[in-house]
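J.: sequence-free structure coming up:
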């Protein structure tokens, strides 16, 4: 079954007279018909429910849907992406053990390793993304943690190579694939053990709920689920229902977002006032060939930097950059409406005393803006960028002809 079809039907109730949509089960506790049923539940034999922090019918339906989309044995959902990442790392690593992680990580994950888990004896060895395969091969780590495409420069790692290296060294591989959901990239098929998503972004797709996903091998997911129950980062049934509803338009949204992002990236690259554009769908991107082999599409995020001529000084609250009603300043990515964000305005990009992180993000430099494309191809984005000076310079000749980028989504591969 194609992913586009699967995203509509996965998790739906089955049976001769089943409802079309998954019911919302708001109950916190459930009734047992006998003491024997309670004992069967305690042994894990019954498939029954007791307490919604541990399992809930609506949440389990959403977990089944996400597992099907990822091609995973099992899946567990959380109240946020950081809830998912925290539970996964704590389930797989103990005090005194080591995590090898790519330097290009989401800021919340970086701070989890640096500020929280380090207090409990978990050691972290950081490696540049291009050196992660060799870093895993050195051995000694229990977990290899990375993301692809990376944030904010959208570098693409060789996922299969990292997975092989981690496996040969006896480490579990965990990828944050938030920027490349299942229609764009399927890491489990490339050999990764576990995939994590902040479903707050592209999977839910409506900027109205927090949600996190861990999917992969059943034995590993069961470990994560056990820790999740003790941490209490459970997903609410209403959010699970809305996630299922969002998945029904998943394929349509992702295809349109990828096409829109590619259009924006090409337009930006043609502007003389734009210093650099990072988008894996452009032949100018350093990992374009790898992305074409590894991904089915290139995602809905575009990052670019502008030259000094159109760079404006920052002021408190960005008062000098009025927000366009269709293109507002927001930190949220992956929703139906387009978003833009200037680098450095998020709390996760600053250290404990407000100092900028001195990791791989410095590659992007200052004057960098990240655009999350919505579902529409109409470009208030272009007007908003021109108001910032992008594309407004007198000498903005179109750049020489360049090879056409690949199609946004290859439907023949989305199975």
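T.: Looks like it came in fine. All values reported here derive from a predicted model rather than from experimental measurement.
J.: any low-confidence regions in this structure?
T.: Under the criterion pLDDT under 70, the flagged ranges of the chain are 308-367, 373-408, 410-415.
J.: middle-most residue in it, spatially?
T.: residue 178 (0.9 Å; Cα atoms, centre = their mean).
J.: which residues in the protein form helices?
T.: Assigned by DSSP state H, the helices in the chain fall at 3-9, 35-42, 57-70, 81-92, 107-111, 132-137, 159-168, 218-231, 237-247, 250-269, 288-294, 380-387.
J.: what's the separation between the residue nearest to the centre of the chain and residue 42?
T.: Using Cβ to Cβ, to the nearest Å, residue 178 is found at 36 Å from residue 42. To be clear about C-beta, it is placed using only N, CA and C from the backbone, and glycine gets the same treatment.
J.: chain center to stretch 83-94, what's the gap?
T.: Here the centre of mass of C-alpha atoms in stretch 83-94, compared against the chain's by Cα atoms, centre = their mean, to the nearest Å, lies 17 Å away.
J.: flag every buried residue along that stretch.
T.: For stretch 83-94, the neighbour count (16 or more other Cβ atoms under 10 Å) marks 83, 84, 85, 86, 87, 88, 89, 90, 91, 92, 93 as buried.
J.: please apply the same query to stretch 28-46.
T.: Buried, per 16+ other Cβ under 10 Å, within stretch 28-46: 32, 41.
J.: next: stretch 223-234.
T.: Of the residues in stretch 223-234, those buried by neighbour count under the rule 16+ other Cβ under 10 Å are 223, 224, 225, 227, 228, 229, 231, 233, 234.
J.: pretty sure the last one is touching residue 228, no?
T.: Yes. Residue 234 sits in contact with residue 228 when judged by Cβ atoms under 8 Å, with a separation of 7.3 Å.
J.: mutual contacts of those two, please.
T.: residue 78 (Cβ atoms under 8 Å, 6 or more residues apart in numbering).
J.: returning to what we had before: using TSV, please lay out the buried residues of stretch 83-94 together with distance to residue 105.
T.: Supplementary listing: these in TSV, determined by distance: Cβ to Cβ, whole Å:
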residue	distance to residue 105
83	17
84	14
85	10
86	14
87	17
88	14
89	12
90	17
91	18
92	16
93	15
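J.: most widely separated two among the residues you listed?
T.: For those, with distances taken as Cβ to Cβ, the pair at the greatest spread is 83 and 93 (16.5 Å).
J.: ok, residue 208 - contacts?
T.: If a contact means Cβ under 8 Å, 6+ apart, then residue 208 has residue 242 as its contacts.
J.: strands of this structure, start to end?
T.: For the chain, the strands identified by DSSP state E occupy 74-78, 98-102, 123-127, 143-147, 172-176, 194-198, 212-216, 274-278, 301-306, 339-342, 368-372, in order along the chain.
J.: got a markdown table for these, with distance to residue 46 and mean neighbour count too?
T.: Listed next are those as a markdown table, based on distance: least, Cβ to Cβ, whole Å; neighbours: other Cβ atoms under 10 Å:
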| stretch | distance to residue 46 | mean neighbour count |
| --- | --- | --- |
| strand 74-78 | 18 | 26 |
| strand 98-102 | 36 | 23 |
| strand 123-127 | 40 | 17 |
| strand 143-147 | 33 | 26 |
| strand 172-176 | 30 | 25 |
| strand 194-198 | 27 | 28 |
| strand 212-216 | 24 | 29 |
| strand 274-278 | 51 | 21 |
| strand 301-306 | 44 | 24 |
| strand 339-342 | 45 | 20 |
| strand 368-372 | 43 | 23 |
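J.: would you mind giving those as a markdown table with distance to residue 15 added?
T.: A markdown table is the format used below for the strands of the chain (distance: least, Cβ to Cβ, whole Å):
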| stretch | distance to residue 15 |
| --- | --- |
| strand 74-78 | 22 |
| strand 98-102 | 44 |
| strand 123-127 | 48 |
| strand 143-147 | 39 |
| strand 172-176 | 36 |
| strand 194-198 | 29 |
| strand 212-216 | 25 |
| strand 274-278 | 48 |
| strand 301-306 | 40 |
| strand 339-342 | 40 |
| strand 368-372 | 39 |
